[in-house]
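> coords please:
(chains A, B, C and D)
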Protein chains: 2
Amino acid sequence: MGRPSTLEDKRRELLPVLAGAFAELGYRRLTSAELSARCGVGENVLYRIWPDKVAMFLAALDWVYLSSERAWERLLADEQGGDGPFLRLLAHEASHHGEQGLYRIVFAGLSETDDPRIRRALQGLYGRFHAFVRRQVTAHRGAQGPGTLDAETAAWAIVGLGTVASIGRELGLFGAASRERLLWDAGRVLAEGEPARSPTVRKPRRGGSKPRER
Amino acid sequence: MGRPSTLEDKRRELLPVLAGAFAELGYRRLTSAELSARCGVGENVLYRIWPDKVAMFLAALDWVYLSSERAWERLLADEQGGDGPFLRLLAHEASHHGEQGLYRIVFAGLSETDDPRIRRALQGLYGRFHAFVRRQVTAHRGAQGPGTLDAETAAWAIVGLGTVASIGRELGLFGAASRERLLWDAGRVLAEGEPARSPTVRKPRRGGSKPRER
DNA sequence: CGATAGTGTAAGTAGATACTTCCAAAACGT
DNA sequence: ACGTTTTGGAAGTATCTACTTACACTATCG
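Residues are numbered from 1 along each chain as shown, chains lettered A, B, ... in the order given. Next up is the predicted model:
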C-alpha cells in the first residue's frame, strides 16, 4: 500500500557521485548544497538516504575503497604476465596510481579524525589495506625467496609509497615518470630487500631501474 | 612620537602557540575564537599581526618546519655515534618521530590545497624536505657505497615512510616499536638498497632488524 | 603636561552552512 | 476512485565563524 520506495536504488546510483565529490573537494569544502547540486536532487533527498553528512562521507569512503580493492583483486585473478601477481599489481599501480581518488578521500578524512566515526572508518580502511598489501608481499616472497624486512614493516612502507605518490600527484611535485620509479623501483626494493638483477623480471614499458643522479 | 610597537615580539611569542593549535585541531576546526583564547589575547590582536587566518596558518607551517630542520641540523652537527650522520638522523627519527607536530600541520594543509597560498607553501615545504633527505642519502652513500635506488627516488620513499609513520601514530595503527622498525629498517633498506649485515652498523637501543613474522 | 601612537576588551556583522519543514504532485494497492 | 506513502523542490532556521569596530586605557616623546 502506498508508493514503493526507490531510495535504495538512488543510494547506489549516487554513491559514485558522492565519492567523486568528496575526493575533489574534501570534507569541509563540499557543502550540502554543492553536493545536492552534483547529485541533481534536493538536499532533503540526500538527508532521507543518509542521516547526516558524516554518513555520506563514510559511505563514499567505503565505496571508493571497495572499488579499489575489487580492481586489485581483478588484476590478481587475471593470470597474465609472468612476473607473478605482486609485481603485476605494482606495475599497474605504478602507471595508474591515484586514478580512483582513494587517497584524496583518505586525506580529507585525516583532517577529521576528531569525529570518532571517521576515525574508526579510517582505522578499518588502513588496517584492511595494510593486510592486503602484506598478503601480497608474503605471497610474492613465497615465490621469490624471503625478503630482508619483515612483511609487516615492508607492507607499511609500501603503503607509505602510495601515500607520498599521492601527495606528489596532488601538489604536482613530480611527474608520471618519477611516480612510476617511486612505486615500481622502491616497491621492489621494499618487498624483496634488494632489486632483482635478472633481466627476466622487469617491468613492462619504461623500465626505471637505472640510477639517475643529477 | 607615540608608543613603540611590540607586535614583533608578540608574533615571535605566539608562533609556537599557533603551531601547536593548528597541529592539534587542523585548519578548519581551529576557529579564530579558539585560537585567540589559546594565545591569551583578543582576536583583533591576532588580526593586527597577521592579515587573515591563512597567513596565521602559513606562519605556523613555516615555523614548525624550520624548527624541525634546525633540530635535524643540530643532530648532524653533533659528531657522535660512529654510524655517520644519516644513520644518526634516522635513529633519532625512529624514536622521536612526530613529536614536533610537523606532519599534523601538513595534513591539515593538504585538505586546503585549493587555496593557492597554502598550496605553494606545501610545495615549497615538500621540495625543501625532499632536498634535505636527498642530500643526506647522497652523503651517506658517499661513505657507505652506492645504493640501488637513485637518490631522488630513495628520498621520496623515505619521505613516504615518515608520512605513513605519522598516519599510523595519528590513528593508533601501530605502536612505538613498529614505528621504529618502519623508520629504521625500511629507511636503511631504501637508502642502501640492502641492509648492512655487519654488526658494527647497528641502531642503538632496541634494534629491530630481526624479521618477525606472525 | 599634552600630543600621538599602540594595546586589550567586548560587542557586532555579514555571510555561510548543516539540516528541517512544508507542500503539491506522483505512484502504488484496493 | 480513494487512501496511503513516497518524491522533489523551495524556502526557512539556528548556529557558527572569519573578521571588524568602538572605545577606554597606557606608554612614549617633546
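
> contacts and neighbour counts: CA atoms only from here.
OK.

> any idea how far the closest residue to DNA strand C within chain A lies from residue A:25?
Per CA to the nearest atom of the strand, residue A:31 is where chain A lies closest to DNA strand C, at 3.1 Å. Look at residue A:31 and residue A:25: by CA to CA, to the nearest Å, they are 9 Å apart.

> So these two - more neighbours on which side?
residue A:25 (18 against 15; other CA atoms under 10 Å in any protein chain shown).

> Quickly find the element holding that one.
Per DSSP states H and E, residue A:25 falls inside helix A:7-29.

> Buried residues, that helix. List them.
A:14-29 (16 or more other CA atoms under 10 Å in any protein chain shown).

> If you count contacts, what does it end up packed against?
Packing partners of helix A:7-29 (3 or more CA pairs under 8 Å, 6 or more residues apart in numbering or on different chains; DSSP states H and E): helix A:32-39, helix A:53-77, helix A:102-110.

> So is that helix next to DNA strand C?
Yes - interface with DNA strand C: helix A:7-29 contributes A:28-29 (CA under 7 Å from any atom of the strand).

> what's the average pLDDT for that helix?
The average pLDDT within helix A:7-29 is 94.

> Let me know the secondary structure of residue A:5.
Using DSSP: H, G, I helix; E, B strand; the rest coil, the structure places residue A:5 in coil.

> So it versus residue A:11, what's the distance?
According to CA to CA, residue A:5 stands 11 Å off from residue A:11.

> Could you do residue A:68 as well?
On the measure of CA to CA, residue A:68 and residue A:11 end up 19 Å apart.

> where does chain A come near DNA strand C, residue by residue?
Contact residues (CA under 7 Å from any atom of the strand) of chain A with DNA strand C: A:1-4, A:28-33, A:43-44, A:47, A:51-54.

> Give the helix, strand or coil label for residue A:113.
coil.

> What does it show for phi and psi?
The phi and psi values for residue A:113, taken as degrees, to the nearest 10, are phi -70, psi 0.

> Next: residue A:99.
According to degrees, to the nearest 10, residue A:99 has phi -70, psi -20.

> Ranked by average pLDDT, which of the helices and strands packed on helix A:7-29 falls at the bottom?
Across these, helix A:102-110 has the smallest mean pLDDT, namely a mean of 91.

> which strands and helices sit next to that one?
helix A:7-29, helix A:53-77, helix A:116-144, helix A:151-171, helix B:102-110.

> Mind listing residues that contact that helix?
The contact list for helix A:102-110 (CA atoms under 8 Å, 6 or more residues apart in numbering or on different chains) reads A:19, A:22-24, A:26-27, A:61, A:64-65, A:68, A:118-119, A:122, A:163, A:166, B:107, B:110-111.

> Can you name the residue of chain A nearest DNA strand D?
Closest point on chain A to DNA strand D, by CA to the nearest atom of the strand, is residue A:2, at 3.2 Å.

> and residue A:174, which of the three is it?
Applying three-state DSSP: residue A:174 is coil.

> neighbours around it, how many?
13.

> What are the phi and psi values at it?
Per degrees, to the nearest 10, the backbone of residue A:174 is at phi -150, psi 160.

> While we're on the nearest residue to it once chain neighbours are set aside, how confident is the model there?
With sequence-adjacent residues excluded and distances taken as CA to CA, 6 or more residues apart in numbering or on different chains, residue A:174 is closest to residue A:168, at 5.9 Å. Note for residue A:168: predicted pLDDT of 96.

> now the one helix or strand residue A:91 maps to and helix A:116-144, what's the angle there?
Element membership for residue A:91 (DSSP H and E) is helix A:85-96. Interaxial angle of helix A:85-96 relative to helix A:116-144 (axes from the mean of the first three to the mean of the last three CA atoms, to 10 degrees): 120 degrees.

> how about helix A:85-96: buried residues?
So helix A:85-96, judged by 16+ other CA under 10 Å, has buried residues A:85-95.

> likewise stretch A:49-64?
Taking 16+ other CA under 10 Å as the criterion, stretch A:49-64 shows A:53, A:56-64 as buried.

> As JSON lines, these with distance to residue B:127 would be great.
Converted to JSON lines, the buried residues of stretch A:49-64 look like this (distance: CA to CA, whole Å):
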{"residue": "A:53", "distance to residue B:127": "35"}
{"residue": "A:56", "distance to residue B:127": "35"}
{"residue": "A:57", "distance to residue B:127": "31"}
{"residue": "A:58", "distance to residue B:127": "33"}
{"residue": "A:59", "distance to residue B:127": "35"}
{"residue": "A:60", "distance to residue B:127": "32"}
{"residue": "A:61", "distance to residue B:127": "29"}
{"residue": "A:62", "distance to residue B:127": "32"}
{"residue": "A:63", "distance to residue B:127": "33"}
{"residue": "A:64", "distance to residue B:127": "30"}
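
> how about those residues, which pair is most distant?
Maximum pairwise distance among the buried residues of stretch A:49-64 (CA to CA): 16.6 Å, between A:53 and A:64.

> returning to what we had before: overlap of the contact sets of residue A:31 and residue A:25?
Overlap of the contact sets of residue A:31 and residue A:25 (by CA under 8 Å, 6+ apart) is empty.

> Contacts only, for residue A:153.
So residue A:153 contacts B:178, B:181-182, B:186 (CA under 8 Å, 6+ apart).

> Just confirm residue A:154 contacts residue A:191, I think it does.
Yes - judged on CA atoms under 8 Å, residue A:154 makes contact with residue A:191 at a distance of 6.0 Å.

> what's the overlap in contacts for the two?
Counting by CA under 8 Å, 6+ apart, the residues touching both residue A:154 and residue A:191 are residue A:137.

> for the helices and strands packed on helix A:7-29, which one ends up most surrounded?
Of these, the one with the most neighbours on average (mean count of other CA atoms under 10 Å in any protein chain shown) is helix A:102-110, at a mean of 24.

> orientation of that one relative to helix A:151-171 in degrees?
Using the same axes, to 10 degrees, one finds that helix A:102-110 and helix A:151-171 are set 90 degrees apart in direction.
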